[in-house]
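here's my sequence, what's the structure:
(one chain, ligands or ions: 1)
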Amino acid sequence: MTAELIDGKAFSVRVRGLVGAHVARLAAQGIVPGLAVVLVGEDPASEVYVRNKGIQTREAGMNSWEYKLPADTSQEALMAQVAALNADPAVHGILVQLPLPKHLDSEAVINAIDPSKDVDGFHILNVGLLGTGQKAMVPCTPLGCLMMLRDRLGDLSGLNAVVVGRSNIVGKPMAQLLLGESCTVTVAHSRTRDLAEVCRRADILVAAVGRPRMIPGDWIKPGATVIDVGINRISEDGRTRLVGDVDFDSAVQVAGAITPVPGGVGPMTIACLLANTLTACCRAHGLPEPEGLTV
Ligand SMILES: Nc1nc(=O)c2c([nH]1)NC[C@@H]1CN(c3ccc(C(=O)N[C@@H](CCC(=O)O)C(=O)O)cc3)C=[N+]21
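Residues are numbered from 1 along each chain as shown. Here you go, the predicted model:
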């Protein structure tokens, strides 16, 4: 058996189409959603990612601003930049690209963002709202994963979901979303005993550990739905390539469906960033929220 491919790239085109259509309706009322991205320092991978976000934001009809600050930016200067964006009514979404240089306190920066503009969903208020089942800004990567899972499986209730990885940006919010869907959720990580056996129980396996090809096919329950969040740049046969946290070639023989890397979760993350910016704009103006783009 060969797993069905979950085409995140095609799905993201659909999501961005829905966002664009809603943005066009807002334009008729003179409202344009706007996203500000703050990048501190020069990381080639981050710059590519920020550029792609800018392009896709404008393609959806929204405003996009990029603030590139030098690597030695002070905490005070970064906090002042965030405060200025908080105060700007044209800015509906603020994203501070992570990780920040080591001398900066990223928790303080994130918690200084106006929670209603926190399109990453990383502010403690949004984390708490999500954890208590209240309306929140939901982190983009887990939101994209949930959209793909619902699209493929419909009702998720009662399914065994295993999330491998316990980061604040993916593992923990993913577990909260799956709990909200009434899955039986296990959060596993590098210290988990007999990780293989834990993974084999999963009807839904979400891999978000950041270790290239860590999960082989024989850890996967036949027919399971596998979401591979990992984007690992490795060099192999003298060239660099992207691979996931799942060993795709063996997993595809066992799983029922699987996301590829690239072309899986990554494009959905950006699409959900646009969706969150639109949602934040609608909330700011007291307008109805887009359907199918929030949880
Ligand atoms: N505050 C903050 N929020 C983020 O959401 C955030 C961040 N910081 N820091 C960096 C990571 C990384 N990230 C990616 C999103 C999409 C792709 C993506 O679309 N990847 C393509 C491949 C791109 C390529 O070829 O390099 C794919 O998977 O198909 C990659 C990486 C968001 N991040």
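
what's the closest non-adjacent residue to the residue of the stretch 101-250 of the chain found nearest the ligand?
The ligand sits closest to Asp120 of the stretch 101-250 of the chain, with a gap of 4.7 Å, by CB to the nearest ligand atom. For glycine as for every other residue, the C-beta is placed from the backbone atoms N, C-alpha and C. Nearest residue to Asp120, sequence neighbours excluded (CB to CB, 6 or more residues apart in numbering): Leu95, at 5.6 Å.

helix, strand, or coil at that neighbour?
Secondary structure state of Leu95, per DSSP: H, G, I helix; E, B strand; the rest coil, is strand.

pull the number of nearby residues for the residue of the stretch 101-250 of the chain closest to the ligand.
The local packing of Asp120 (other CB atoms under 10 Å) involves 23 other residues.

mind checking pLDDT for it?
pLDDT recorded at Asp120 is 98.

contacting residues for it?
Applying CB atoms under 8 Å, 6 or more residues apart in numbering to Asp120 gives the contacts 95-96, 110, 137, 139-140, 169, 273, 276.

partners of the residue nearest to Asp120 in the sheet?
Beta-bridge pairing of Leu95 under DSSP bridges involves Val37.

would you mind measuring from the residue of the stretch 51-200 of the chain found nearest the ligand to Asn168?
Using CB to the nearest ligand atom, Leu98 is the residue of the stretch 51-200 of the chain that sits closest to the ligand, at 3.9 Å. To Asn168, Leu98 is 10 Å away according to CB to CB, to the nearest Å.

Val23 now?
Val23 sits 29 Å away from Asn168, going by CB to CB.

and Ala255, what does it touch?
Ala255 neighbours (CB under 8 Å, 6+ apart): 3, 217, 220, 222-226.

list buried residues within the residues you listed.
By neighbour count, with 16 or more other CB atoms under 10 Å, the contacts of Ala255 hold 3, 217, 220, 224-226 as buried.

out of these, which sit inside strands?
Among the buried ones among the contacts of Ala255, the ones falling in strands (DSSP state E) are 225-226.

for the stretch 51-200 of the chain, which residues are neighbours of the ligand?
Residues of the stretch 51-200 of the chain lying close to the ligand by CB under 6 Å from any ligand atom are 95-98, 120, 140.

now for those, which pair is the farthest apart?
Spatial extent of those (CB to CB) is set by the pair Val96 and Cys140 at 13.5 Å.

chain center to stretch 173-187: distance?
Its chain's C-alpha centre and that of stretch 173-187 lie 15 Å apart, by CA atoms, centre = their mean, to the nearest Å.

what sits up against that stretch?
For stretch 173-187, the surrounding residues in contact (CB under 8 Å, 6+ apart) are 121, 127, 130-131, 133, 138-139, 141-143, 145-146, 150, 156-163, 166, 171-172, 198, 201-202, 204, 206, 208, 295.

buried members of the residues you listed into PyMOL, please.
Buried subset of these, written as a PyMOL selection, criterion 16+ other CB under 10 Å:
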select buried, resi 121+127+130+138+139+141+142+143+145+146+156+159+160+161+162+163+166+171+172+198+202+204+206+208+295
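
name the residues of stretch 194-214 that are buried.
Across stretch 194-214, burial judged by 16+ other CB under 10 Å covers 195, 198-200, 202-209, 212-214.

end to end, how far does that stretch reach?
From its first residue to its last, stretch 194-214 covers 14 Å (CA to CA, to the nearest Å).

in the stretch 51-200 of the chain, where is pLDDT below threshold?
Within the stretch 51-200 of the chain, no stretch has pLDDT under 70.
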